[in-house]
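Asker: Next one to model:
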Amino acid sequence: MSNWASSSSSPRPPAAADEVINKTNRVSAQLKAIYKDNILPSEKRYRYDYFYESPFLTDVEFDAKPQVMLVGQYSVGKTSFIRYMLGRDFPGARIGPEPTTDRFTCLINGPEERTIPGNALSVHPDLPFRGLERFGVSFLSRFEGSQLPSSVLKSITLVDTPGILSGEKQRVNRGYDFTKVVSWFADRADLILLLFDAHKLDISDELKATIDVLKGHEDKVRCILNKADQINRQQLMRVYGSLLWSLGKTINSPEVLRVYVGSFWHEPLQNMDNAELFESEESDLMRDLAILPRQSAVRKINELVKRIRKVKTLAYIIGHLKSQMPAVMGKDKKQQKLIGDMPNVFRTIMKKHNLAPGDFPDINKFSEKLKDTKFSEFHSLKLDQIQLLEDCLSSHLPKLMEELPSEKDSPETLKAKFSTGRVDNTYVPVPTGAGKFGKADNNAMASNPFGAAEDADEYWALEESAERLKESFEALGPQGGFLSPQTAKEVLVKTGLQKEQLRQIWALSDIDRDGYFDHHEYVVAMFLCDAVMQKGRPIPAELPMSVIPPSKRSLLKERGGGFF
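Answerer: Residues are numbered from 1 along each chain as shown. Coordinates of the predicted model:
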């Protein structure tokens, strides 16, 4: 065995980073104060809840966990995807080729398995679903909570939706406005997964209407082309192109939505032609899901900024309409004239106050709402309330953003931005496994508590070091199991080695060439640093096979990297 791989000593962990608590709680507290003091008075004065059909925000909504909503036609694999995420069944789950999920289901963490009826869920003091009461008993009877103990649900809330059907009859028989309910959840979701079946790419009327209500949330939408393992490579190319064409006709945006391709459940692939592609796609999607809790604070600020801009624009519109009304006679006639001339009204307000077109409400829906109001009862524009909204956008929220971590922060300023404590629920433990993609299970050595034999394929000389370095790796705050390039660089710089040495160590340690360090790559980097610092060994041109993590060896073989 090479002298490199036979070292009996283990790499030493760097100085442990300060443990930190999730900044979301602190940000939420400040957002609640900003909303109540600066925004809520304007929402009440100009009837934001009526015109946008969005109830006033409650404290629970600011404190809520990140939400992931799954939307798609029936039998596209929404419930199977959730089972794959959780690694188990959940109460109330129904799976089949026919439309089996006939209700909205929110999956929440709890000590015992049970289902919670929608009426009870909507009045629960600790859950952000009170706003659903506006959709009535017919909807609440089709809404339920599924509670179960789950490490995934400690960090996020999953929302499973009924399979979308086609035809006017099915849409009427729901007994509630499906698209309005989806819109309510979309406003509060951190991520919206739009699922498609590789054999069912047609976009029905109801699906198109559902996609339309997602307008304004394009940054949160991710598309999934599921069951792609059931077709060959040539067919997949055609199906993928057809899906992008259909989405381009449906979603009025010049940007193309991110589409993840694969088979998102626990069963092995039926067709191995695209196994590597599916594995990479699933890895990317799971990373997006894993870091949701860490991005939650930024998302809450982003959603509040969008709401403030809408409130400010609504205030100018209502104030303008009020100012155009006569003092005594002809109020009804003037109101009808203003409603009929709403496009010009919008243009006048936009030019006068330098507002963005995207901040205005849908003109047709807004005009319909106006018909049921009396302009003479509107409140006039209060400039001091407008100034409060401007202060939020120009001062309060930017200051809050400065408290969040950024790539410009040094380790010292990062520590100052957090309170002392332990990191809890800052990433989602997403499923991983090579067996599904036709690869050997690289965790087989775990079945033997003393590890694998040195001549075995799964033997790794740094297995014990990996265990010892696990705590120091977690203390550095990996996102979704990965250290960012900046964090990994700071760890290496602290070793005191020369820049050229660190460059070589990085090139050897970043085995998958993605610019991030997972736990195993971090262990390899610490091993190389320790060998140079403590033992004075030269940095090798290539890593010995026994030092390369078993899960990474196939990557080097594909690139033609040799072992010695």
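Asker: Buried residues in the host helix or strand of R309, which are they?
Answerer: Per DSSP states H and E: R309 is located in helix 292-324. Across helix 292-324, burial judged by 16 or more other CB atoms under 10 Å covers 292-304, 307-322. From N, CA and C alone the C-beta is placed, and that goes for glycine too.
Asker: what about it, average pLDDT?
Answerer: On average, the pLDDT along helix 292-324 is 90.
Asker: next helix or strand past it?
Answerer: Counting by DSSP H and E, the element after helix 292-324 in chain order, helix or strand, is helix 331-340.
Asker: could you check the angle helix 292-324 makes with whichever helix or strand comes after that next one?
Answerer: Downstream of helix 331-340, the first helix or strand assigned by DSSP H and E is helix 342-353. On the basis of axes from the mean of the first three to the mean of the last three CA atoms, to 10 degrees, helix 342-353 is oriented at 100 degrees to helix 292-324.
Asker: How far away from the center of its chain is the helix or strand that comes right after helix 342-353?
Answerer: Moving toward the C-terminus from helix 342-353, the next helix or strand (DSSP H and E) is helix 363-371. Remark: helix 363-371 is offset 33 Å from the chain centroid, using CA atoms, centre = their mean, to the nearest Å.
Asker: which other helices and strands contact the following helix or strand past helix 363-371?
Answerer: Toward the C-terminus, helix 363-371 is succeeded by helix 383-391 as the next helix or strand (DSSP H and E). Where contact means 3 or more CB pairs under 8 Å, 6 or more residues apart in numbering; DSSP states H and E, helix 383-391 is packed against helix 40-45, helix 292-324.
Asker: Which of these sits closest to L389?
Answerer: helix 292-324 (4.8 Å; CB to CB).
Asker: give me every residue that touches the residue lying farthest from the centre of the chain.
Answerer: Distance from the C-alpha centroid of the chain peaks at M329, with 54.1 Å (CA atoms, centre = their mean). Counting by CB atoms under 8 Å, 6 or more residues apart in numbering, M329 makes contact with nothing.
Asker: gap between it and E377?
Answerer: According to CB to CB, to the nearest Å, M329 and E377 sit 17 Å apart.
Asker: What sits closest to M350 if chain neighbours are left out?
Answerer: P357 (6.5 Å; CB to CB, 6 or more residues apart in numbering).
Asker: From L381, how far out is that neighbour?
Answerer: Distance from P357 to L381, by CB to CB: 20 Å.
Asker: before we move on, the earlier item: for the residue nearest to M350, report the pLDDT, please.
Answerer: In this model, P357 is scored at 91, pLDDT.
Asker: Run the angle between the helix holding R309 and helix 363-371 for me.
Answerer: Helix 292-324 runs at 60 degrees relative to helix 363-371, counting by the same axes, to 10 degrees.
Asker: roughly how far is helix 292-324 from the heart of the chain?
Answerer: With CA atoms, centre = their mean, you get 21 Å for helix 292-324.
Asker: Repeat that for stretch 366-382.
Answerer: On the basis of CA atoms, centre = their mean, stretch 366-382 sits 37 Å off its chain's mean C-alpha point.
Asker: Same question for that stretch: list its buried residues.
Answerer: Residues of stretch 366-382 classed as buried: 366-367, 369-370, 373, 375, 378, 381 (neighbour count, 16+ other CB under 10 Å).
Asker: May I have the phi/psi pair for the residue at minimal distance from the centre of the chain?
Answerer: With distances taken as CA atoms, centre = their mean, L191 lies nearest the centre of the chain, 3.9 Å away. With angles defined as degrees, to the nearest 10, L191 sits at phi -150, psi 140.
Asker: same thing with M325?
Answerer: phi -80, psi 140.
Asker: right, and it touches K333 too?
Answerer: No. In this structure, M325 is not within contact of K333 by CB atoms under 8 Å, at 10.7 Å.
Asker: Comparing those two, which shows the higher neighbour count?
Answerer: Ranked by neighbour count (other CB atoms under 10 Å), M325 and K333 place M325 first, with 16 against 10.
Asker: Pull up the gap between the more buried one and L476, please.
Answerer: 62 Å.
Asker: if we can go back for a sec, what's the separation between the residue nearest to M350 and T348?
Answerer: 13 Å.
Asker: the more surrounded of these two?
Answerer: Set side by side, P357 and T348 show more neighbours around T348, with 12 against 9, by other CB under 10 Å.
Asker: Averaged over its residues, which helix or strand of this protein has the lowest pLDDT?
Answerer: helix 411-416 (a mean of 45; mean pLDDT, DSSP states H and E).
Asker: And the following helix or strand past that helix, what does it pack against?
Answerer: Using DSSP H and E, the next helix or strand after helix 411-416 towards the C-terminus is helix 463-475. Secondary-structure packing of helix 463-475 (3+ CB pairs under 8 Å, 6+ apart): helix 519-535.
Asker: Output stretch 244-255 as CSV - backbone C-alpha positions only.
Answerer: Extracted in CSV, the C-alpha atoms of stretch 244-255 (Å, rounded to 0.1, in the frame of the first residue of the first chain):
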residue,chain,number,x,y,z
LEU,A,244,-40.7,23.2,-23.2
TRP,A,245,-42.7,24.2,-26.3
SER,A,246,-46.0,23.7,-24.3
LEU,A,247,-44.7,25.7,-21.4
GLY,A,248,-43.6,28.5,-23.6
LYS,A,249,-47.1,28.7,-25.1
THR,A,250,-48.7,28.7,-21.6
ILE,A,251,-46.3,30.8,-19.5
ASN,A,252,-46.0,34.3,-20.9
SER,A,253,-42.3,34.8,-20.0
PRO,A,254,-39.1,35.1,-22.1
GLU,A,255,-37.2,33.0,-19.5
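Asker: quick one: buried residues of that stretch?
Answerer: 247, 251.
Asker: So what's the gap between it and the chain middle?
Answerer: 21 Å.
Asker: mean confidence score for it?
Answerer: pLDDT averaged over stretch 244-255 gives 78.
Asker: who's in contact with it?
Answerer: By CB under 8 Å, 6+ apart, the list of residues contacting stretch 244-255 from outside reads 201-203, 208, 211, 215, 218, 223, 256-257, 259.
Asker: can you put the residues you listed in JSON lines and add distance to R26?
Answerer: As requested, those are exported to JSON lines (distance: CB to CB, whole Å):
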{"residue": "L201", "distance to R26": "45"}
{"residue": "D202", "distance to R26": "47"}
{"residue": "I203", "distance to R26": "42"}
{"residue": "K208", "distance to R26": "41"}
{"residue": "I211", "distance to R26": "36"}
{"residue": "K215", "distance to R26": "32"}
{"residue": "E218", "distance to R26": "29"}
{"residue": "C223", "distance to R26": "34"}
{"residue": "V256", "distance to R26": "36"}
{"residue": "L257", "distance to R26": "33"}
{"residue": "V259", "distance to R26": "36"}
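Asker: just curious, which of the residues you listed is nearest to N344?
Answerer: Closest to N344 out of the contacts of stretch 244-255 is K215 (23.6 Å), distances taken as CB to CB.
Asker: Low-confidence stretches in the chain?
Answerer: 1-25, 95-101, 166-173, 253-254, 404-458, 557-564 (pLDDT under 70).
Asker: separation between D341 and L201?
Answerer: D341 sits 42 Å away from L201, going by CB to CB.
Asker: Nearest residue to N109 in space, please, no chain neighbours.
Answerer: Per CB to CB, 6+ apart, closest to N109 is L153, 3.7 Å.
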